[in-house]
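Asker: structure of the sequence below:
(chains A and B)
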Amino acid sequence: MMFCRELKKIIWGIPYLLFVVVLTLALFSQGVLEFDTEGSVSKPEPGGNYGTKNEEIPELIMPAALQSLYAEFQQNEYRTYPIGFIKTVKLNDKEQAEIAEIISRITGIDTEKLYGENENSYTAGEFSIQIDGDGSLQPDGNGGFTISMDDAAAINSMQEEPLDLTVRANLSYSEFRELMQRADDLLGGGSDYAADALIGFGTVPVTYEEALERYELMKTRDHVTGGYARLFSDYAVAMALSILPVFLAVIMDMKDRSCKMAELIYTRKASGIKIIFTRYFALLTAVMLPIILLSYLSNAGIWGMYQGMDLDYFAPLKYDLGWIMPSAMIAIALGMCLTELTNTPLAIAVQGLWWFVDINMGIKSVASSYSLFRLAPRHNAGTNTYFRTQDFIDNFPRLITNRLLFAGLSILLVIVTIVIFEANRKGQINGNHKLKKALANFRNRKDQSPA
Amino acid sequence: MPILEIAKINLRHNSVLSIAVCAAILIMTPILYGTANLDAASSAAPLEMFVSFIGIVLLTPVFGPEQNQETSDLVSSKYIGTTTIYLVRIVCAMILLFAMTGLFCIFMRLQKCDVTLLLFFGTAANAVFLGSLGMITAALTDNTVIAYMIPLVYYALNYGMGGKLGNYFLFSMRVADFQPKMWLFPTGILLLVLSLIVKRLKQKLL
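Answerer: Okay, the predicted model is just below:
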């Protein structure tokens, strides 16, 4: 009964209406509410182009990464992605020397030679001419300049061969990874040279047999609909459900206080456990209802394209509850807990910051990421990669661990909320009373006259 | 000077938390992104993505204190009108916004970043636009929490939709496109004025 009243209170309000509108807009903007029906997955035909994949093949990775690092070293412009967007890093002389040392250790070429090659280089587009040694620049009398060089210097320069930039034969892949990681550390992280990002240099084409295997896996394990449901969940968690529920939680909690209902609730017979858990589950239900509806709306759109196949009609529900719900749970729990504790919208700042850091720090791992503390796990794979079902199967245990951790954490936060609620009820904490008192003391001290 | 007194009291009673959150954002920015030796395009990223946030923090809660009915009644009973109080708060928030953005730009300059005046104004334009989105929402809904939601969601939309947002794309300076700022700033000011009108109309009607 109390649950129904709470649910009704949440649903019949402008905040909830806005929540649903914003949720729908966010998902629509990502194109997962209406999947492209022309891009349906079909059985691969021999002789086609099946795209590319990344593999940890040292023979491929080492020369490609080395060439890239050397090219960036020459320009002293290194591309990194610390928070999603590109950041061009320029190193100081000391750091450049360390990069030169790393290249030298990989290639066996002396650092002086690396620098020599660097200084002689001319970069198109920069419009700069570097003249070494015996070169001279003379006015030609017509408003122009003539560049002349000493014959010997010119001959030497012409005879100088380009560097043979190859990886030392006796350098192991693990040593190479360590050196590259050092380069990444020097760049402040987020570069392609980080040990776990080196695989990006190992691009190989997908063979027909592999494409066929991926297709079969998608049919038998994902039952097609699972792949689409996963893509929907990927966007739903990252773009909406890791942040939006906190607003509803904070609004509901603060509403009690602004309507002067908090004190009335405190006097009720119902226990804190019952009141807080009822509100928590009412909020969770209200948040999950539109997401379940939208996930089915999105998934049902492709059912017609795969007639005759063994589809899993429960796939959206499974992903909603298993993948999306734990993120919504933690956002609601944090919102309730911090609002009960401070009686301010502080939870929005905290959750907002967490969400912001999570989606940005992990932008390089958007393709797939299931690390333990990831608020929004990622598996951004569509029809062109047959939803990368094998990748998902391989990481499934990690995903389960992550989701269970978040579900557990949120329950723990709800328990903490109950403790705070009971303390408030007894007048031991009284919302942000202590914070207000501290601020008041600070103001009073400032207001006191020196006399 | 009653106006100065209002500004002083407002700063002391309503803005302390906002200023603290802004300071936290500005302190965290170099930690998360790294703000040394950046070219103009790379400098734009922390400014547009992090510093712009202070607009939401400073401008959105302008109507906040009057959400409490008792405070609202008390303020309405005074000789100086509520709109004047709002105006004083807006001016204070704008001064803080420009000062904090300016200070951060100076800090980046000291760290040998290519921060230009254009980048400074572009960042301020973003901040004003996001903040005014919050203000108009607060004026329409009388709910500061919802008012925080709308600019945050708009910010998130910029990730998903990017350039599709046209002249209202927040992260354009990264590709040296300053055209959107010419739209964002006037629109921000317009929304700000509109929110004041909405508040006034609501007061008259109720």
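Asker: contacts, neighbours, all on C-alpha from now
Answerer: Noted.
Asker: identify the bridge partners of the residue in chain A that chain B sits nearest to.
Answerer: The nearest approach of chain A to chain B comes at A:Lys87, 5.0 Å away (CA to the nearest CA). Legend: beta-bridge partners of A:Lys87 under DSSP bridges are A:Thr80.
Asker: just checking, it touches A:Tyr81?
Answerer: Yes: if you go by CA atoms under 8 Å, A:Lys87 and A:Tyr81 touch, sitting 5.9 Å apart.
Asker: who's in contact with the closest residue to A:Val167 other than its chain neighbours?
Answerer: Spatial nearest neighbour of A:Val167, chain neighbours left out: A:Thr107 (4.7 Å); criterion: CA to CA, 6 or more residues apart in numbering or on different chains. Under the criterion of CA atoms under 8 Å, 6 or more residues apart in numbering or on different chains, the neighbours of A:Thr107 are A:Leu165, A:Thr166, A:Val167, A:Arg168.
Asker: quick check: A:Thr107 vs A:Leu171, distance?
Answerer: 9 Å (CA to CA, to the nearest Å).
Asker: now do A:Asn92
Answerer: 28 Å.
Asker: between the two, which has more neighbouring residues?
Answerer: Set A:Asn92 next to A:Leu171 and count neighbours by other CA atoms under 10 Å in any protein chain shown: A:Leu171 wins out with 13 against 10.
Asker: for the more buried one, helix, strand, or coil?
Answerer: coil (DSSP: H, G, I helix; E, B strand; the rest coil).
Asker: quick check: it touching A:Ser104?
Answerer: No: counting by CA under 8 Å, A:Leu171 does not reach A:Ser104; the two are 11.8 Å apart.
Asker: neighbouring contacts of stretch A:308-325?
Answerer: Counting by CA under 8 Å, 6+ apart, residues outside stretch A:308-325 touching it are A:219, A:222-226, A:229-230, A:233, A:236-237, A:241, A:288, A:291-292, A:295-296, A:299, A:303, A:403.
Asker: what's the closest residue to A:Gly47 other than its chain neighbours in contact with, if anything?
Answerer: Nearest residue to A:Gly47 in three dimensions, chain neighbours excluded: A:Tyr208, at 7.3 Å (CA to CA, 6+ apart). Applying CA under 8 Å, 6+ apart, we find A:Tyr208 in contact with A:Pro44, A:Glu45, A:Pro46, A:Gly47, A:Gly48, A:Tyr50.
Asker: which pLDDT value goes with the closest residue to the last one other than its chain neighbours?
Answerer: It stands for A:Tyr50. In space, and not counting its chain neighbours, A:Tyr50 is closest to A:Val206: 5.5 Å by CA to CA, 6+ apart. In this model, A:Val206 is scored at 88, pLDDT.
Asker: A:Val206 contacts A:Gly48, correct?
Answerer: No: A:Val206 lies out of contact with A:Gly48 (CA under 8 Å); the separation is 10.1 Å.
Asker: follow-up on the earlier one: tell me, how many residues neighbour the residue of chain A closest to chain B?
Answerer: For A:Lys87, the number of neighbouring residues by other CA under 10 Å comes to 27.
Asker: which residues are in contact with it?
Answerer: Going by CA under 8 Å, 6+ apart, A:Lys87 touches A:Arg79, A:Thr80, A:Tyr81, B:Leu38, B:Ser42, B:Ala45.
Asker: point me to the residue of chain B nearest chain A.
Answerer: For chain B, the residue closest to chain A is B:Ser42, as judged by CA to the nearest CA, at 5.0 Å.
Asker: does the closest residue to A:Ala238 other than its chain neighbours sit in a helix, a strand or a coil?
Answerer: Once flanking residues are discounted, A:Ala238 sits nearest to A:Ala376: 5.2 Å by CA to CA, 6+ apart. For A:Ala376, the assignment made with three-state DSSP gives coil.
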